[in-house]
Structure formats: C-alpha cells, structure tokens
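S.K.: Need a 3D model of the sequence below.
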Amino acid sequence: MSIGRSVSLYSLQEPYFLGKMDLEACVAAVKNRVGADGIEVLVDQMPYPSLRSEDRTMSEDDIAKFKDLMQKYQTVPTAYDTTFFTTWYAKRNMSNRETIYWTKKDMVNCAKMGFPVYRTGIMRKEDIQILSECFEFAEQLGIFIATEIHSPRGIHTWWTQDFLEEVKRKNTKNAGFLLDFAVFTKGMSLADKKAYLRAGAKESILDEIDKAYRAGCCLTNSDVEKLGGDKPEIAAAEQMRGQIYDDPAWIGEVLDYTKHCHGKFYEMTEDCDEPSIDYAGPIAYLKEKGWNGYISSEYEGQRHYFEMGGPEAPDPIEQLRRHHVMLKRLIGE
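M.R.: Numbers count the residues shown, from 1 in each chain. A predicted model of the protein is given here:
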C-alpha cells in the first residue's frame with residue numbers, strides 16, 4: 001500500500017444526526033458515491049448500542065455487525081476516534097489512574113473492531129503520561145496510539161514535541177501521530193468567508209484579511225478598523241490570526257511516527273479544489289518519502305451552515321466526492 005483514501009464519518013454528522021442516514025448508509029455512501037474504501041468512525045458520535053453500556057464494552061454482537069458491514073461494502077476500518085475520559089463527574093475530573101483504566105477499555109474496543117489506529121488528543125501535560133502508561137498495552141493489542149497534530153497545535157509546539165520525546169524515550173513502535181492538514185492552512189476558507197458575509201462583513205475587507213494571511217502576516221484589529229471594518233470583519237481577522245501554516249518539510253520530523261492523516265477541508269469548489277488548505281505540498285512530500293497510510297477526509301464546513309439550514313448548505317456527500325477527486329489527482333491514482 002502507498003497512500004490510501006479514507007473518510008471520517010464525522011463528515012456526515014449532520015445527515016446522521018437528523019436521521020437522514022444511519023451508519024450503514026454512511027458506509028455505503030463512502031464506498032459507492034465517494035469512491036473510497038477506508039472508514040474512520042467517531043464511535044461516540046455513531047455508537048452501537050452496547051457502547052452506551054455502563055462499562056463501555058462493545059458486545060460481540062455489535063462487533064460482528066460492524067465487521068459484517070465492512071465485509072458487505074468491501075471497506076476497511078482505518079481509525080477509531082475518541083477522547084480522554086476526564087469529565088464524567090460533575091464536581092471533579094477523573095484521576096490519571098481512572099483515565100488510564102477507561103482508555104485501556106476503549107482501546108480493546110478499537111482492536112476488536114479491527115481498527116489499527118486509536119486516535120486521541122493531548123490537551124494537558126498529564127495526558128502525555130496517561131498515554132505513556134498505555135504504550136505497552138497498545139503493543140499487546142497490536143494497535144497504534146495516534147495523538148492528533150491539529151491547528152493550533154502544530155509540529156513545533158509542545159503538544160507534538162513533548163509527546164514525540166516520550167515516544168522516543170519509551171522506544172515504542174505503537175504510538176505517534178495523526179497529522180491533520182489544518183496545520184497547512186494557507187488562507188480563509190470559503191465556508192468562513194460566506195459565514196462572515198452573511199453576518200454583514202464587507203467582501204473587500206475579507207479579501208484584504210485573506211491576502212495578508214497568505215502573504216505571511218495577519219491584520220490586527222486596528223488594521224481592520226482603518227479599512228472600515230466592524231465586528232464581523234474583526235472576527236474574521238481574529239480567526240485568521242489563530243490559523244497556522246507549517247512547512248510541509250517539517251513532516252520529516254514526525255514522519256516515522258505518523259500512521260494516519262486527516263484531510264481536513266471546509267468547502268470544495270466546483271472544480272474540486274480546497275482553496276484554504278495546502279494539499280499539494282504535504283502530499284508531494286508524503287509521496288516522495290514513500291509514506292504508507294490513509295488520508296481520511298474530514299469535512300468541517302457544514303458547521304458554518306447549521307444555523308442556516310435549508311438548501312444553502314452544501315451536500316456533504318458531494319463535498320466528499322469532490323475532495324476525493326482532488327486527492328486522487330494529487331496522489332496520482
């Protein structure tokens with residue numbers, strides 16, 4: 001295998017939530033309408049009944065149903081997405097020992113369902129130690145713990161570097177990273193721009209904010225006010241100041257520890273381009289280095305339309321189809 005194509009079912013969260021699609025319909029759409037064979041699932045977003053049990057143990061029946069679904073549509077599980085169990089109680093966070101216990105139980109579900117990658121995140125310093133205590137268990141299960149390199153937590157931030165140091169210290173081959181393409185943001189997304197326009201922003205000022213970011217600098221609130229901008233334009237400038245663009249060459253620092261990628265995108269154009277995120281640079285680098293793994297489409301633009309509803313919201317399946325047209329072009333399929 002070289003670079004494979006997958007879809008995070010997070011991308012189909014709105015039709016799932018509204019009852020327009022169930023889990024099987026999501027998998028069928030990925031295979032038959034998008035043309036990908038990889039399936040990534042946020043298990044708490046689209047859960048099987050037994051996952052809601054008090055002990056969070058997937059039943060053998062539910063595991064069999066999932067595997068039958070993969071067999072039926074000739075798809076493969078790529079990543080099991082979850083988060084730390086720290087806030088189950090009203091008046092306290094869980095202890096590290098409690099979090100390790102529940103994380104290991106969740107890792108068992110991941111392995112039994114056939115997912116090779118267990119995706120989680122690091123938000124606190126103590127999360128690194130919690131995951132470190134799970135490295136040996138991941139080796140026993142034959143799965144890979146992947147923390148997400150996700151904007152604004154780029155490659156050169158402590159979230160990534162401290163975890164990398166711990167992985168090297170423990171000399172494990174079963175832990176590392178999931179690289180989210182949001183760290184290669186090169187401009188304002190179409191979804192963001194349209195949302196700011198709906199809020200009353202002047203398009204000419206949004207274009208100046210975007211132009212400045214793409215040139216390597218960001219407009220301050222004062223800059224925006226001098227251009228005649230008000231609250232929506234200032235919000236746009238603040239949002240862009242929170243974005244990052246990591247040099248694709250930096251991937252080399254974590255490449256040997258990266259087993260999966262999120263193809264983050266916000267809105268595709270009709271000619272199948274994502275104008276706000278650099279895909280060409282990172283994919284060219286991954287191809288050059290012979291990286292083996294899946295890029296899993298993660299469509300997030302739908303959240304900008306939740307408050308609007310109606311026909312204005314892009315069809316998420318069409319958005320995914322366009323995304324995979326782009327991926328195939330860049331991968332060289």
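S.K.: going forward, measure contacts and count neighbours with C-alpha atoms only.
M.R.: Fine.
S.K.: where along the stretch 201-333 of the chain do the strands fall?
M.R.: Here the stretch 201-333 of the chain has its strands, by DSSP state E, counting those that start in this stretch, at 258-265, 293-299.
S.K.: what ranges do the strands span in the stretch 51-200 of the chain?
M.R.: The residue ranges that make up the strands of the stretch 51-200 of the chain, judged by DSSP E, counting those that start in this stretch, are 76-81, 117-120, 144-149, 175-180.
S.K.: I295 - how many residues pack around it?
M.R.: Look at I295: counted by other C-alpha atoms under 10 Å, it has 27 neighbours.
S.K.: what's the answer for I317, then?
M.R.: Close neighbours of I317, defined as other C-alpha under 10 Å, add up to 18.
S.K.: Check the protein for its longest helix and report it.
M.R.: helix 96-113 (DSSP state H).
S.K.: what about the protein, any weak spots by pLDDT?
M.R.: Flagging of the chain using pLDDT under 70 yields the residue ranges 1, 307-311.
S.K.: Can I get the strands of the stretch 201-333 of the chain in JSON lines including distance to A313?
M.R.: Output for the strands of the stretch 201-333 of the chain, formatted as JSON lines (distance: least, C-alpha to C-alpha, whole Å):
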{"stretch": "strand 258-265", "distance to A313": "15"}
{"stretch": "strand 293-299", "distance to A313": "13"}
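S.K.: Show me what the longest helix of the chain is packed up against.
M.R.: With contacts defined as 3 or more C-alpha pairs under 8 Å, 6 or more residues apart in numbering; DSSP states H and E, the packing partners of helix 96-113 are helix 60-73, strand 117-120, helix 125-132, helix 135-141.
S.K.: Identify whichever of these lies nearest to K211.
M.R.: Evaluated over these, closeness to K211 peaks at strand 117-120, with 34.0 Å, by C-alpha to C-alpha.
S.K.: quick one: contacts of the closest one?
M.R.: Surrounding strand 117-120, the residues in contact under the criterion C-alpha atoms under 8 Å, 6 or more residues apart in numbering are 78-84, 107, 110, 143-148, 178, 259-260.
S.K.: Which members of those residues are classed as buried?
M.R.: 78-82, 84, 107, 110, 143-148, 178, 259-260 (16 or more other C-alpha atoms under 10 Å).
S.K.: related to what we said a few turns ago, quick one, which of the strands of the stretch 51-200 of the chain is nearest to D44?
M.R.: The nearest among those, by C-alpha to C-alpha, is strand 76-81 at 8.4 Å.
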